[in-house]
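In: here's a sequence, model it:
(chains A and B)
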2 protein chains.
Amino acid sequence: MSESERRAALIEEHAPLLERAIEAVRTRESWSPFKDSPSTKIHGAEKPKAGRAAFEARLGGRFEIDQPGIVGWTGEEVSPFTQEPLGIDYPLCDPQALIGAAKSAMAGWAKAEPALRTALCVEMAERLYDRNFEMANAVMHVAGQSYTQAYSGSGPNALDRGLEALAYASIAMDAVAPAGTYHRHFAGERVALEKSYAMVPRGLGLVICCASFPTWNAYPAMFASLATGNPVIVKPHPIAVLPMAIVVETCREVLSDYGFDPNLVTLAVDSLADPVAGVYVDHPAVQIIDFTGSPRYGGRLERTVTGKLLYTETAGVNSVVMESVGDLREAARAVARATCLFSAQMCTSPQVVYVPRSGVQTADGHVGFDAVAEAIVAEIDAIAGNPKMAAGIMGAVQGAVSLDVVAEAEAMAARERLSILRHATPYDHPDYPDARTLTPLVISATPEEKEMYAEERFGPVLFIVAAEDGDAAAGEAVELARTRGTIACYMYSTDDDFIDRWVDAYAEAGANLTINLTGAMWINFAAAYSDYHVTGLNPAGNACLTDLSFVASRFRIAQRRRPIPDAA
Amino acid sequence: MSESERRAALIEEHAPLLERAIEAVRTRESWSPFKDSPSTKIHGAEKPKAGRAAFEARLGGRFEIDQPGIVGWTGEEVSPFTQEPLGIDYPLCDPQALIGAAKSAMAGWAKAEPALRTALCVEMAERLYDRNFEMANAVMHVAGQSYTQAYSGSGPNALDRGLEALAYASIAMDAVAPAGTYHRHFAGERVALEKSYAMVPRGLGLVICCASFPTWNAYPAMFASLATGNPVIVKPHPIAVLPMAIVVETCREVLSDYGFDPNLVTLAVDSLADPVAGVYVDHPAVQIIDFTGSPRYGGRLERTVTGKLLYTETAGVNSVVMESVGDLREAARAVARATCLFSAQMCTSPQVVYVPRSGVQTADGHVGFDAVAEAIVAEIDAIAGNPKMAAGIMGAVQGAVSLDVVAEAEAMAARERLSILRHATPYDHPDYPDARTLTPLVISATPEEKEMYAEERFGPVLFIVAAEDGDAAAGEAVELARTRGTIACYMYSTDDDFIDRWVDAYAEAGANLTINLTGAMWINFAAAYSDYHVTGLNPAGNACLTDLSFVASRFRIAQRRRPIPDAA
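Out: This is a model prediction of the structure:
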C-alpha cells in the first residue's frame, strides 16, 4: 500500500471506534473499548510477564528518544516500592531545539485532514493499550500506585479520557464546514461566492504532567491538541518521567509509521534542581498549556499566563457529608475505601467528613457522632490490617513529602489537643518489604478547627468534623468547595428533601457530587465518557475533562472567499 | 395564559427561527430572517417616520432606565451630522449596585431552561428589529454612520451576528446531555447510577462596546452570555450610549414581560473624564469580558486579565494586494468603495494597497503603478465628488480625533516627501450642512516607509505601496497581518498559481481573505452565518464572531450521580 492508502485505511479502521466514543459522550453511558482489569484470564499469562520484563529492561540504562537538541542525560526516579533509584536516564534537550522542531513539524500536521489526525491518535491509544503491562509497572515504580490501579487507572481509564477528548475534538471540528457557497443580491446584482474555512491550529501545546497520576490528564490534553493540529511538548514531573517517556516513544513511532514528523510529540525532561517548565510557558510559540499538579504552581500560571490557552487541574479539599444513612457500615466502608485508595494521593480523595455532632439516623436507629467516626476508622483498619488488601488498595506513598504532611498533621492535632482517632502507621507490603507505605491518619475535629482541615493536605489524612447539624455540614462543605476548590464531593442522606435542598448549591460551587454510593464501585472513580472531571468553577482547576470548551479553542478558523467563476 | 404557558409558547414560536439559524451556520449560506434595506417599499412610509420621531423625542431629555443604584445623570453625545450635543442624559449607577442586582438576578436565570433563554434572546432580537428605524437614527447621530448603513449594518446585520451566536450557544448546550444512566459491573457487582449534568453559568458578563459600531459586537456577546445563563452589564462608550440604551431597554422589557428580573441586563454608563470599565473588569463577580475597541485598551486587557474569560476585537491594518486584475476599473472601484465606506472607520477598511512597482497585468494589457494608483484615486473621487453618493457611503466622521489622525498622516507624508495622491477634504453633506465629513487621503509609499503605513490609523487614510513584485506584496501583507493584526485582507490576481501560493500563509497569519471580489457587494461586508469575523490568531483580537469557542466556555458543567433506587 502507498502511504496515502495506508493513511486512508487507518482512518477507516478507527472511524467506528471514534463514532462509538462520540455516541458515549452523548449518552454518558458506561463504555470502553478496553479492559481495565490486568487479569490473566483476559490477557493470558504472557503479556503481564512481557510487560514486566520490558520495564525491567529499562532499569539502569538510557531511555533513548531520537529528539533534537540533546545536551545531556538525566534521571532521578526512585521506586516508592523499593526506595531504590530506577537508574534510568532520559535525554535532556535544549528547549529551543524542541520548540524549533515542533514548529517545523507543525505545517505538515496542520495540513493533514482532521480525520487522519484523530485516527492517528486512536492508533496511539491502541498501541499504548497494547503496552499497558509495561506502563503499569512503570507507573507503579514512579508513582507508587498499586499494580491493579496502575494497570486500570493509569491505563484504560486514562486512555478513555484521551479518546473522550478526541470525541469532543471531532465534534468541534465537524461543526466547521470546510466550504460553502453564498448567493445573495446586492443592489439588484446577483453575487455568488465560494468560501472555504480552514482550521488553523493555535500553536505548540505544552503538557505539564503531575507526578502521581501522569497519564490520566496527559492523554486528553495531548489528544485534544494533536487532533486539532497542534504539536505537543510533554513536560513530565522529574520524579515520574518513565510513563510519559513510554507515551512519547509510542506517539513518535505512530507518527513516523504514517509519514509524519515524530517531533510533533517530544519529551521535555528536567530535574528538580533545574526546572524547565517556565522556559516553555514563556515562549511565544507555545500557545496552549495544559497543567496538572500543585495548586501553588498551577495558581501561579492562572494568575500570570495571558494571551495563551491555559487548562489547569490542581487540587482541592474534597468532603463527605454524612447526614443520615441506611446502612452505616456500608457508608463507612465506602468512605474508608476512598480514603485508603492510593493512600489518598488522588485528586478525588476525601479529606473531610462532616457528621452532625448529634449523630445520624440509620436504618437501625440513631447512631452518635463517635460511633459514626468509629465505624469509619474500623473500616480503614480492616483494610490496613490486611496487608494483601492494603497493598492492592493503598499502594505506596510516592514522595517522602507526603509522610511529612501526615506527620505535621498529627503533630498539629496533638498540639491543638484534637482527638486522634487513628494513627498513621505503615503497613507491611507483602511483595516489597522496603515500600514506603502509610495508612490514614484520622483526626476528630469541630468547625472551630476549620483552618486545619480546610487546608489541602496531600497524603492520607482524614478529618471527621462534628457539624452543628446536617444543613450546617452541607453549608460548610459547599463553602469549602467554593473557597478551597474541590474535584469530588460526597453525600450520604436518606432524606430527599435534604438532598434536594443542597444539590444546586453544590453545583453552583462547581462541586461534582456523588450521593449515597456504596458497594463495589469506588466512590471516587470517575468514568470517562460518563463523568465530567473538574468543573472549572472553583479553585481546583479551570478546565473540565472533557467538554467542548476543552477543545473548541485549540484551533481557529481562517476563511477565504472569491466569486464563483461561472456564476457571474 | 399563565406565565409558564406564555414561556412555552415563546419557545415554540421561536424554535423554527433558531433551527434555521443553526442550519445556516452549518451550511454557511446566505440567510437572514430580517430585511437589511430601509426601503419604504418593504417597511411602508410610517415606520421610518415613527422611528425618527422616537429618536427625536429622546433629544434633550433623560433616558430613564429603572436600574438600581442611580447616583446621577450624565451624557456627552454629539451628533457627527449636526455637531450639536444630543442632550440626552443617562442614569449613572453605582457599579456595586448593578453587580449586586445582576448577581441576585442570576439564580433564576440559571435555572431557566436553555431553550427558554434562547427564545427570549430571539424575542429581544425581533423587538430590536421592530425598533430598527429608531436604532438607525440613534446610530447615525452618535457614530456618524450613513442612514442606510446605520439601518443595515447596525441593525439586521448586527442582529444576525447575535442570532448566529445564539445558534452556537444552542449547539454547545445541546451537546450536554441533561442526564444519563450508567451500568457497569465492579468486582462482579452490578452498579446502576443515575447521573445529571447541570449547566452552570460562569458569572456576570461585561460587554464593553466600541463607539463607531456598538451593536455589531454587542449583540453576539450579549446573546452568547445570556443564552448560557449569565447576566450582562453593558458598558457603552460614553460618546455612543444611545444605541446601547435602546438595546438595554428592549432586553429589560422582554425579560420583565416573561417574569424574569430585568436586572439581568443593565447599562453601565460612564463619562470620558471618569471611566468605569476597570471597576467591572476587576470585580470578582464579573467572569466574562467581551471587549470591542481600541488596541490600546484591548491590549491592556489581553495582557492583564487572568482567571476570567476575555473575548476581544480591537483593530489591525488591513491590506489589499493587487497582483494582476481582469478589469482594473472594477477592482479599483471595489477598493475605493471599501475605503470610502463609513470614511474607513470600520474594522474591515483597507489601509494599505500593495501594487507591484512595475505595475499589473490586466485584461487590457499591462498598466503601470502610477496608473493603478490613479485608477483607485479616480474611483474615490467619483464617490467624493457626488455629495449624495458620498453621504450614503461615507456618512460622517465620528470623532474629531480622526480628523487629527488624517491631518497627522498628511503632515507626515509631506515631511517625508511622499507623494500625496489625494488630499483629504470634506464633502458637503446634502442634508446636514454642519456634518463632520472627510474624504480619503491617499498617499503613495514604498516598503521603506513601512513604519508609516504599518501603524493603524483610525480614519480615511489609504497608502498605495509600490512593492518589489506580487510575491513581495503578498509576503509583506502576510507579515503585516501577523505582526500588526488584521480583520480583513483583500487580493486581486488573475494568476491561480499566485493565489494558491499565498492562501495558506494568509490563513496561518489569521487573515481572512477576499479574492477578486468586485461589483455591487461591498468587499468588506461580512455576513453573519457565512463569514467568520476575526480569527483570534493575530493582534486584531482573540475571539471570533462566531464559532463554538466563542460560546462553549461561557457555562460549565456540574454533575451529580446516585444509585438508581430499584436497580440494586
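In: do a quick rundown of the helices in the stretch 251-400 of chain A.
Out: For the stretch 251-400 of chain A, the helices identified by DSSP state H, counting those that start in this stretch occupy A:277-282, A:295-304, A:328-340, A:369-384, A:387-394, A:400-415, in order along the chain.
In: got the contact list for the closest residue to A:L86 other than its chain neighbours?
Out: Of all residues not flanking A:L86 in the chain, A:E77 sits nearest, at 4.3 Å (Cβ to Cβ, 6 or more residues apart in numbering or on different chains). In short, each C-beta sits where N, CA and C put it, glycine included. Applying Cβ atoms under 8 Å, 6 or more residues apart in numbering or on different chains, we find A:E77 in contact with A:85-86, A:88, A:141-142, A:239-242.
In: of those, keep whichever come out buried.
Out: Buried residues within the contacts of A:E77, defined by neighbour count using 16 or more other Cβ atoms under 10 Å in any protein chain shown: A:86, A:88, A:141-142, A:239-242.
In: please narrow those to those residing in helices.
Out: Secondary structure of the buried ones among the contacts of A:E77 is defined by DSSP state H; positions in helices are A:141-142, A:242.
In: between those, which is closest to A:P201?
Out: Using Cβ to Cβ, A:L242 is the member of those that lies nearest A:P201, at 28.9 Å.
In: check which helix or strand the residue nearest to the closest one when sequence neighbours are not counted maps to.
Out: Taking Cβ to Cβ, 6+ apart, and ignoring the residues beside it in sequence, A:L242 has A:A138 as its nearest neighbour in space, at 4.4 Å. Taking DSSP states H and E as the definition, one finds A:A138 inside helix A:132-143.
In: contacting residues around that helix?
Out: When contacts are defined by Cβ under 8 Å, 6+ apart, helix A:132-143 is touched by residues A:38, A:43, A:47-48, A:50-52, A:54-56, A:58, A:77, A:79-82, A:86, A:128, A:145-147, A:150-151, A:154-156, A:211-215, A:239-243, A:246, A:395, A:398.
In: one more: stretch A:6-16?
Out: Under Cβ under 8 Å, 6+ apart, the answer for stretch A:6-16 is A:1, A:115-116, A:118-120, A:122-123, A:258-259.
In: got it, and stretch A:528-536?
Out: Applying Cβ under 8 Å, 6+ apart, the contact partners of stretch A:528-536 are A:21, A:24-25, A:28-32, A:157, A:160-161, A:163-164, A:167, A:313, A:487, A:510-512, A:526, A:540-547, A:549, B:180, B:182, B:195, B:197, B:200, B:556-559, B:561.
In: these in strands, which ones?
Out: Cross-referencing these with the strands (criterion: DSSP state E) gives A:313, B:180, B:182, B:195, B:197, B:200, B:556-559, B:561 as the overlap.
In: only alpha carbons, please: show the particular helix or strand that has A:V248 in it as CSV.
Out: In the assignment (DSSP H and E), A:V248 maps to helix A:242-257. Extracted as CSV, the C-alpha positions of helix A:242-257 are listed here (Å, rounded to 0.1, in the frame of the first residue of the first chain):
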residue,chain,number,x,y,z
LEU,A,242,9.1,6.9,32.6
PRO,A,243,5.4,6.6,31.9
MET,A,244,5.5,9.8,29.8
ALA,A,245,8.7,8.6,28.0
ILE,A,246,6.8,5.5,27.0
VAL,A,247,3.9,7.6,25.8
VAL,A,248,6.1,9.9,23.8
GLU,A,249,8.0,7.0,22.3
THR,A,250,4.8,5.3,21.2
CYS,A,251,3.3,8.5,19.8
ARG,A,252,6.5,9.2,17.8
GLU,A,253,6.5,5.7,16.5
VAL,A,254,2.9,6.1,15.2
LEU,A,255,3.7,9.4,13.6
SER,A,256,6.8,8.0,11.9
ASP,A,257,4.9,5.0,10.7
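In: pLDDT of that helix, averaged?
Out: Predicted confidence along helix A:242-257 averages 98 (mean pLDDT).
In: what do you get for stretch A:114-127?
Out: Throughout stretch A:114-127, pLDDT has a mean value of 98.
In: up against chain B, what does the stretch 151-300 of chain A have?
Out: Contact residues, the stretch 151-300 of chain A versus chain B (Cβ under 8 Å from any Cβ of the partner chain): A:171-172, A:175-177, A:179-184, A:186-189, A:191, A:193, A:195, A:197-198, A:200, A:202.
In: give the buried subset of those as a PyMOL selection command.
Out: In PyMOL, selecting the buried portion of those, with burial taken from 16+ other Cβ under 10 Å, looks like this:
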select buried, chain A and resi 171+172+175+176+177+180+181+182+184+191+193+195+197+198+200+202
